[in-house]
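K.L.:
For reference, the sequence and a predicted model appear below.
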Amino acid sequence: MLMFDLKKIILPIVAVVIMFSFPSTIFAENNSNLWKKVSGIWNIVQYNNKNVLVQSRVSSYPWQYNEPLNYNSLMLSEANDYSLIKYVFEIKDPVKQVDLVLFFNTEFSETSKYHNLYAFRLSGNNARFNNCDFFKSHIIDTGEMRKKKNFKVSVLSSTYCTISTSQKLNCQVKIDDKSATLYVNDIKIQSCEAPDSLNKGIVGFGVRNAVLIVHDFTLLKNGNVLVHDDFSKDNIKRNRVIMKKISKEEYDRLKKQKQEQRNK
Amino acid sequence: MKKMYAVILTLCVGLFIAGVNCGSETTEIAWVNGTAGEGISDIVWFDGNNQTPNQTWNETLDAAKSKTETTSKEITSVNGYALCSSTLSGTEARIYVDLDGDGIPSDISWRVDEGSSNRYTISKTE
């Protein structure tokens, strides 16, 4: 009888403790807007009998409003406080110079629409990455949010590397306050210091001149999983614009209406 | 005989002029800020076959600056699709067109009648 009562008391306590131990864990299954498409064509497709995320547009359009827009990029919708970012990528159909960019510390606010960020960029040809940059992007004039080229990219550190693009890439970015280290397939590629703390903000990735397959993504803080997505489901918010074709008569009528409104 | 030559020559000249006129018909597009076009910038019309940019409108629709429509520009690829950038969301957006007004936007690519002048009004951003 006493045992039965103890179970009744202990089980809810254990459940509550577990619930509050991981307050900010976001698992992809519960969040259809986990990711936000910045640019490119991102879809969940079946590959080797498993669902993966594929970015299928090889070329990118140089919009020049922020750095991620100049690649085919995807960002987490919300900012987090993290210490480790893990990605599993595969590069397909590379052409000319291929760039793979891992963004973090990205700011989305009234004064930065992805203008402010830090990133590692692996660059190379269609066979291998042979350079790794650590760069900072920041807004130039916060009063001109709609202006093109209103951001500056500064490479803070650059190093030679040799990473074949034909293999699966297990990338890890370790963040410790102002320092960031990139590992690819357990090999340390670059470790850098930034003038700012890097462990807060939006995390994302982008590619240029290749198809990108994303197998897995995990965001952690001190060993605790904050976000995990195996891309078995589509959790991407895609902005779209709906337009209607109008006839000449309708257009003239609307124009007249607007002119009348202005005259009033 | 001379008469026949004159008739043939007239016919040839007529056909040539008709051909030139047909060839000079331009297909144009303009984008109008309807109820939801604020912050739409740099609309790009892509060739639907080879995915390359065919025409660009480097303008921002902004009612406050009386910029409620883009200039009408010629496109040479009549089968294509459009992308734009949104300065409000900092992202690229795909443009879908509700061609028959039934509220359901068309598939990604659409066809524009050759030689026509087209205006599309932005009814929704989401």
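P.N.:
Looks like it arrived, so ask away. Just so it is clear, the structure is predicted and the values come from calculations on it, not from any experiment.
K.L.:
Can you pull up the most central residue in the chain?
P.N.:
As the question left the chain open, I've gone with chain A. A centroid search over chain A (C-alpha atoms, centre = their mean) returns A:G204, at 1.6 Å, as the residue closest to the centre.
K.L.:
sorry, should have said chain B
P.N.:
Using C-alpha atoms, centre = their mean, the most central residue of chain B is B:I29, at 2.9 Å.
K.L.:
Just give the nearest non-adjacent residue to the residue nearest to the centre of chain A, would you?
P.N.:
In this structure, A:G204 finds its nearest non-sequential neighbour in A:M75, 3.4 Å apart by C-beta to C-beta, 6 or more residues apart in numbering or on different chains. In short, each C-beta sits where N, CA and C put it, glycine included.
K.L.:
Could you pull up the residues touching that neighbour?
P.N.:
Taking C-beta atoms under 8 Å, 6 or more residues apart in numbering or on different chains as the criterion, A:M75 is in contact with A:35-36, A:38, A:68, A:103, A:106, A:108, A:114, A:202-204.
K.L.:
Quick check on these: which are buried?
P.N.:
For these, a neighbour count by 16 or more other C-beta atoms under 10 Å in any protein chain shown gives the buried set as A:35-36, A:38, A:68, A:103, A:106, A:108, A:114, A:202-204.
K.L.:
Out of these, list just those in strands.
P.N.:
Counted as lying in strands by DSSP state E, out of the buried ones among the contacts of A:M75, are A:35-36, A:103, A:106, A:108, A:202-204.
K.L.:
which outside residues touch stretch B:38-58?
P.N.:
Contacts with stretch B:38-58, where a contact means C-beta under 8 Å, 6+ apart, come from A:57, A:59, A:61, A:63, A:65, A:146, A:148, A:241, B:29, B:31, B:33, B:59-63, B:70-71, B:73-77, B:79-89, B:93, B:95, B:109, B:122, B:125.
K.L.:
Let's see the ChimeraX selection covering just the buried ones among these.
P.N.:
Once 16+ other C-beta under 10 Å is used to decide burial, the buried members of those can be selected in ChimeraX as follows:
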select /A:57,61,63,65,148,241 /B:29,31,33,60,61,62,70,73,75,77,80,81,82,83,84,85,86,87,89,93,95,122,125
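K.L.:
how far does stretch A:86-106 stretch from start to finish?
P.N.:
Distance between the boundary residues of stretch A:86-106 (C-alpha to C-alpha, to the nearest Å) amounts to 17 Å.
K.L.:
tell me which helix or strand of chain B sits lowest on mean pLDDT?
P.N.:
For chain B, the helix or strand with the lowest mean confidence is helix B:2-23, at a mean of 61 (criterion: mean pLDDT, DSSP states H and E).
K.L.:
Can I get the helix or strand just after that one in PDB? Just the C-alpha atoms.
P.N.:
Following helix B:2-23 in sequence order, the next helix or strand is strand B:27-32 (DSSP states H and E). As requested, the backbone C-alpha atoms of strand B:27-32 are provided in PDB (Å, rounded to 0.1, in the frame of the first residue of the first chain):
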ATOM      1  CA  THR B  27       6.600  41.200 -74.600                       C
ATOM      2  CA  GLU B  28       6.600  43.300 -71.500                       C
ATOM      3  CA  ILE B  29       6.000  43.000 -67.700                       C
ATOM      4  CA  ALA B  30       5.400  45.500 -65.000                       C
ATOM      5  CA  TRP B  31       4.900  44.800 -61.300                       C
ATOM      6  CA  VAL B  32       2.300  46.800 -59.300                       C
END
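K.L.:
so who does the residue in the stretch 51-200 of chain A positioned nearest to chain B touch?
P.N.:
Ranked by C-beta to the nearest C-beta, the top residue of the stretch 51-200 of chain A for proximity to chain B is A:K113, at 3.0 Å. When the contact criterion is C-beta under 8 Å, 6+ apart, the partners of A:K113 are A:65-66, A:145, B:87-90.
K.L.:
Counting only helices, which of the residues you listed make the cut?
P.N.:
The helices in this structure, assigned by DSSP state H, contain none of those.
K.L.:
Now flag whichever of the residues you listed is closest to A:N170.
P.N.:
Nearest to A:N170 among those: A:N66, at 27.8 Å, using C-beta to C-beta.
K.L.:
now that closest one: how far from A:S158?
P.N.:
Using C-beta to C-beta, to the nearest Å, one obtains 22 Å as the distance from A:N66 to A:S158.
K.L.:
out of the two, which sits in the more crowded spot?
P.N.:
Legend: neighbour count by other C-beta atoms under 10 Å in any protein chain shown for A:N66 and A:S158, higher for A:N66 (26 against 14).
K.L.:
Now do the contacts for the more buried one.
P.N.:
For A:N66, the contacting residues are A:113-115, A:137, A:151, B:90, by C-beta under 8 Å, 6+ apart.
K.L.:
Now tabulate the contacts of A:K113 in TSV and tack on distance to A:Y251 and pLDDT.
P.N.:
Conversion of the contacts of A:K113 to TSV gives the following (distance: C-beta to C-beta, whole Å; pLDDT from 0 to 100):
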residue	distance to A:Y251	pLDDT
A:Y65	29	94
A:N66	33	96
A:M145	30	88
B:T87	25	83
B:L88	25	84
B:S89	27	88
B:G90	30	92
